[in-house]
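Novice: prediction below, plus the sequence it came from.
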Amino acid sequence: MTLKDLREDIDRIDTRLLSLLSERMEKALMTRSFKDRIVDEGREQQVLDRARRSSRCLASPEFTVALYQDIMQESKAIQTRSPSTLGFQGDHGAYSEMAARAWDPKAATIPAREFIDVFDAVQDGFFDYGIVPVENTLGGLVGPVNSILVYSDLAIVAAVDMPVSHCLLSLPGADHREMRSAYSHSQALAQCRHFLARNRLEAMPYYDTAGAARMLAEERPGGVAVVASRFAAELYGLEIIKEDIQDSENNRTRFFVLARRPAPEEAARQAGADAPALKCSAVFFTEDKAGALFRTLEIFAHAGINLTRIESVPNKPGDYAIFIDFEGSDRDRAVAQAIDKAKAATRDFRLLGCYNETRL
Amino acid sequence: MKDLKLTGARPEGEKTVIEIAGVRVGEGLVVIAGPCSVETEDQTIRTAVAVKEAGAAMLRGGAFKPRTSPYAFQGLGLKGLKILDKARRETGLPIVTEVVDTRDVSWVGEYADVLQIGARNMQNFSLLREAGKSGKPILLKRGMHSTLEEWLNCAEYILAEGNGLVIFCERGIRTFETFTRNTLDLSMIPAVHSQSHLPIFVDPSHGTGILGMIEPMSLAAVAAGVDGLEIEVHIDPASALSDKDQQLTPAAFTRLMKKLRALRLFMDGLSGSDGPASESIPRARRSAEAFPDGMD
């Protein structure tokens, strides 16, 4: 054991401490939806008692209690500030979180395990908003998300179209000559296949890009690099070996921001040349007969409304949910009329939302 | 030089033009300039901006340095490559940088436009093979104790890997003369032109090691028909961490570039009225048999 080894252990522990602290603040913020007021003296006493009793470390009970008082002080300050909460799937540092921050830099971004957890938590009021990827220029439709959207009651209140720039990350000071493998989400690894092959890095699939970055920072395995965002590098204190390692330059992902209620009118009506594009999304089913889909799409063509996306998602055998995105707002007369006609021509036509789309 | 299947001169005398990020090497005069070593981001970017202003087509800068002493500054490594990458984004100049270790070839290739193989590594055959596999343009310097034939055979190693993008660079050889750092062998310009279809550059900075000799030797190289020059320029040569006595200031480099352009124009005018001089040099003066393998 050397001083260097011990300091590496300490770095590892600090990374975990900070990430746990952040998780604690997030959970505390989420208690908001269960409480009438922020301060709960009984609960505070409970936390402090436990800190005092279970203080088995070198530090004195007085220190532990003071530390917890500080933590709860900050926690209450955050709850008083009451930022809106925005859930995303993955670990901190995920591309979804980057998109979320681009949409609202002030929101508290909180991770969720699966896509469905994001939807459920917004539905149940634990998150004010949720952000999910819907399509990627290289990977196509994000299947699970679109399948949930078919039956979700949530409204789309914004869209973010973001370039995805993968970076190769390592522990600070690691020798690039020693790197043998790269961990990341299989989708990200596939997008960097040529880069990894050129540099003889074995692709190691992991559940999440940011999760891989977190694993590297917390466990510090040797000879390992990860493919993740620049944001993940900053968050976990990793070194960027190389930016923009994806094989194709046209790697973009489009995200939907979801909420319980549709976007307020003023938000969807920003005027000006550099205002984000106004779009609507809808989902519907058609009858299983010749020309049924064509006649629905024809309504939009006749009204001169530009369709920007058409996707079909399998529902039951032989039955497909059709997603369409189109330009405009349901406050425009032509768009509103087309929507009414489409409702008559289809089954279960549902307007998912009219919103601003931000292109980064 | 009968074994030069890929490097040797073509029957009709056609020359190879190598395109590097919009710069055509083998046509006109291409000048690579920049510091001996990448020291800081500020030093590299300020030098890059200055040499671009003066008319340089590419930026050089060492990130991995082959130094005589293991205790001398070894270069910034990967950090240096990132700085060069930034300099390229700021100036648009393609990057030329040396690679000294086979394990670094792919990584240097991720950042640089041209991989330089230095004089000390000219006959490092595993490095040549890796460089060949990278598919990147290679600036192959002449070993300080290598014959033309050995040099051309080293290029053959790279071409044999399927990489035809090789640029020769004469940088002086060891002779009994000690006044200059090396003896710059300008006769290699017409020699390479007669024996190979690949372009040849001259590095007057290492070739002489003397500041005042860089200009006359550069002009002489242009007069001899060189395809390009590699010149060391530092924003503040007095503070350089390596080769401080042979790096030009941006002002001196700007003056030199003016003279080079004027001379090149004059030489183009001359060759318009006459055929290329290399016609009169025999294709293969000595056969390979005169120097059997295994001598070294």
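Specialist: Arrived safely.

Novice: gap between the residue in the stretch 151-296 of chain B that chain A sits nearest to and residue A:300?
Specialist: Closest to chain A within the stretch 151-296 of chain B is residue B:163: 13.9 Å, counting by CB to the nearest CB. Using the backbone N, CA and C atoms, a C-beta is placed for each residue, glycine as well. Distance of residue B:163 to residue A:300, computed by CB to CB, to the nearest Å: 53 Å.

Novice: next: residue A:67.
Specialist: Separation of residue A:67 from residue A:300 (CB to CB): 60 Å.

Novice: the two: who's more crowded?
Specialist: Neighbour count, other CB atoms under 10 Å in any protein chain shown: between residue A:67 and residue A:300, residue A:300 has more, with 21 against 13.

Novice: what is the subsequent helix or strand relative to the helix or strand containing the more buried one?
Specialist: Using DSSP states H and E, residue A:300 sits in helix A:292-302. For helix A:292-302, the following helix or strand on the C-terminal side (DSSP H and E) is strand A:307-316.

Novice: helices or strands next to that following strand in the packing?
Specialist: With contacts taken as 3 or more CB pairs under 8 Å, 6 or more residues apart in numbering or on different chains; DSSP states H and E, strand A:307-316 sits against helix A:143-151, helix A:292-302, strand A:319-327.

Novice: residues of chain A that sit close to chain B?
Specialist: By CB under 8 Å from any CB of the partner chain, the residues of chain A that approach chain B are A:176-177, A:195, A:198-200, A:241-242, A:245.

Novice: let's see it at 10 Å
Specialist: A:168, A:170, A:175-179, A:195, A:197-201, A:239-243, A:245 (CB under 10 Å from any CB of the partner chain).

Novice: buried among the residues you listed? Make that a PyMOL selection.
Specialist: A single PyMOL command suffices to select whichever of the residues of chain A next to chain B are buried according to 16 or more other CB atoms under 10 Å in any protein chain shown:
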select buried, chain A and resi 168+170+176+179+195+198+199+201+239+240+241+242+245
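
Novice: out of the residues of chain A next to chain B, which are inside strands?
Specialist: Judged by DSSP state E, the residues of chain A next to chain B include A:168, A:170, A:239-242 as members of strands.

Novice: what about the strands in chain B?
Specialist: For chain B, the strands defined by DSSP E cover B:18-20, B:23-25, B:30-34, B:58-60, B:95-98, B:114-117, B:138-141, B:166-170, B:200-202, B:228-232.

Novice: residue A:307 - how many residues pack around it?
Specialist: By the criterion of other CB under 10 Å, residue A:307 has 12 neighbours.

Novice: same thing with the one 3 residues further on?
Specialist: One way to gauge burial is a neighbour count; for residue A:310, by other CB under 10 Å, it gives 12.

Novice: surely it touches residue A:321?
Specialist: No - shown here, residue A:310 and residue A:321 do not form a contact pair, counting by CB atoms under 10 Å, at 11.6 Å.

Novice: which stretches of the chain aren't confidently modelled?
Specialist: This is for chain A. A:55, A:265-276 (pLDDT under 70).

Novice: I was thinking of chain B, sorry if that wasn't clear
Specialist: Along chain B, the model assigns pLDDT under 70 to residues B:1-2, B:272-296.

Novice: which residue packs closest to the residue nearest the centre of it, ignoring adjacent ones?
Specialist: Nearest residue to the geometric centre of chain B (CA atoms, centre = their mean): residue B:169, 3.8 Å. Nearest residue to residue B:169, sequence neighbours excluded (CB to CB, 6 or more residues apart in numbering or on different chains): residue B:201, at 4.3 Å.

Novice: dump the residue contacts of the one you found.
Specialist: Residue B:201 makes contact with B:25, B:29-32, B:96, B:139-141, B:167-171, B:189, B:192, B:221, B:226-230 under the criterion CB atoms under 10 Å, 6 or more residues apart in numbering or on different chains.

Novice: now the residue of the stretch 201-350 of chain A found nearest chain B, which residues is it bridged with?
Specialist: Using CB to the nearest CB, the single residue of the stretch 201-350 of chain A nearest to chain B is residue A:242, 5.6 Å away. Beta-bridge pairing of residue A:242 under DSSP bridges involves residue A:168.

Novice: residues near the closest residue to residue B:224 other than its chain neighbours, how many?
Specialist: Leaving aside its chain neighbours, residue B:224 sits nearest to residue B:189 (4.3 Å; criterion: CB to CB, 6+ apart). Residues near residue B:189, counting by other CB under 10 Å, number 24.

Novice: hmm, residue A:88 and residue A:255 touching each other?
Specialist: Yes - using CB under 10 Å, residue A:255 is in contact with residue A:88, at 8.9 Å.

Novice: name the residues contacting each of these two.
Specialist: Common contacts of residue A:255 and residue A:88 (CB under 10 Å, 6+ apart): A:95-96, A:98-100, A:131-133.

Novice: about what we covered before: which among the ones in strands among the residues of chain A next to chain B gets closest to residue A:277?
Specialist: Proximity of these to residue A:277 (CB to CB) peaks at residue A:240, which lies at 31.8 Å.

Novice: quick one: residue A:213 is in a helix?
Specialist: Yes - Residue A:213 forms part of a helix when assessed by DSSP: H, G, I helix; E, B strand; the rest coil.

Novice: residue contacts, the closest residue to residue A:143 other than its chain neighbours?
Specialist: Among residues not flanking residue A:143 along the chain, residue A:313 sits closest, at 7.5 Å (CB to CB, 6+ apart). Contacts for residue A:313 (CB under 10 Å, 6+ apart) come out as A:141, A:143, A:145-150, A:283, A:320-323.

Novice: now list the buried members of those.
Specialist: Buried among the contacts of residue A:313 by 16+ other CB under 10 Å: A:141, A:145-150, A:283, A:320-323.

Novice: need the contacts of residue A:313 in TSV (columns: distance to residue A:39).
Specialist: TSV is the format used below for the contacts of residue A:313 (distance: CB to CB, whole Å):
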residue	distance to residue A:39
A:141	47
A:143	45
A:145	38
A:146	43
A:147	42
A:148	37
A:149	39
A:150	43
A:283	44
A:320	52
A:321	47
A:322	50
A:323	46
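
Novice: closest to residue B:85 out of those residues?
Specialist: residue A:141 (34.7 Å).

Novice: who's in contact with that closest one?
Specialist: A:133-135, A:147, A:309, A:311-313, A:323.

Novice: which of those sit farthest apart?
Specialist: It's A:133 and A:312 that sit farthest apart of the contacts of residue A:141, by CB to CB, at 18.3 Å.

Novice: pick out whichever of those two has more residues nearby.
Specialist: A direct count of neighbours by other CB under 10 Å for residue A:133 and residue A:312 places residue A:133 higher, at 25 against 13.

Novice: tell me the SS of that one?
Specialist: Here residue A:133 is recorded as strand under three-state DSSP.

Novice: for it, what are its contacts?
Specialist: A:88-90, A:94-96, A:99, A:115, A:139, A:141-142, A:144-145, A:160, A:162, A:164, A:253-256.

Novice: and residue A:249, how many residues sit next to it?
Specialist: 9.

Novice: quick check, it in a strand?
Specialist: No - using three-state DSSP, the assignment for residue A:249 is coil, not a strand.

Novice: got the phi/psi numbers for it?
Specialist: Main-chain dihedrals, residue A:249, degrees, to the nearest 10: phi -70, psi -20.

Novice: please apply the same query to residue B:4.
Specialist: Residue torsions, per degrees, to the nearest 10, at residue B:4 are phi -80, psi 80.

Novice: how close does it sit to residue B:271?
Specialist: Computed as CB to CB, the residue B:4 to residue B:271 distance reads 26 Å.

Novice: contacting residues for the nearest residue to residue A:174 once chain neighbours are set aside?
Specialist: Nearest non-adjacent residue to residue A:174, counting by CB to CB, 6+ apart: residue A:239, 7.1 Å away. Residues in contact with residue A:239, defined by CB under 10 Å, 6+ apart, are A:167-174, A:176, A:225, A:233, B:78-79.
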